[in-house]
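Peer 1: Dropping the sequence and predicted coords here.
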Amino acid sequence: MAVKYFKVLHAHEEILQLNVEVHQLQAWVDSETLEIGCVAEELLMQDPLLSAELWALHHQQHHVNTEHHLHLQYICNLDGYSGAW
């Protein structure tokens, strides 16, 4: 019985940690897309070819990050997610 208690206790601790990690992942996904776009814009006059490559990367990452947003939104809608960090 004690083993089961500690497993449940540890599971609650894991949920709290995952709430923090989901929040951090969301922030990272948002900042990555924004940062690539800003750098591409800054390089537009100095190095148009590099800027074009960064814009291509930006569009590709935007599509990937959209998928991440969908999965993160699903997690945020779960009953055990508190959003606390």
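Peer 2: Yes, it's here.

Peer 1: Give the buried residues for stretch 43-63.
Peer 2: Neighbour-count burial for stretch 43-63 flags Leu43, Ser51, Leu54, Trp55, His58, Gln61 (criterion: 16 or more other Cβ atoms under 10 Å). All C-beta spots, glycine's among them, are computed from the backbone N, C-alpha and C.

Peer 1: And the average pLDDT for the helix or strand that Gln24 is a member of is what?
Peer 2: Per DSSP states H and E, Gln24 falls inside helix 2-42. Mean per-residue pLDDT for helix 2-42: 91.

Peer 1: what about it, distance to the chain center?
Peer 2: Its chain's C-alpha centre and that of helix 2-42 lie 7 Å apart, by Cα atoms, centre = their mean, to the nearest Å.

Peer 1: Report the next helix or strand after that helix in sequence order.
Peer 2: Following helix 2-42 in sequence, per DSSP H and E, is helix 48-76.

Peer 1: who does that next one touch, helix- and strand-wise?
Peer 2: Counting contacts by 3 or more Cβ pairs under 8 Å, 6 or more residues apart in numbering; DSSP states H and E, helix 48-76 is packed against helix 2-42.
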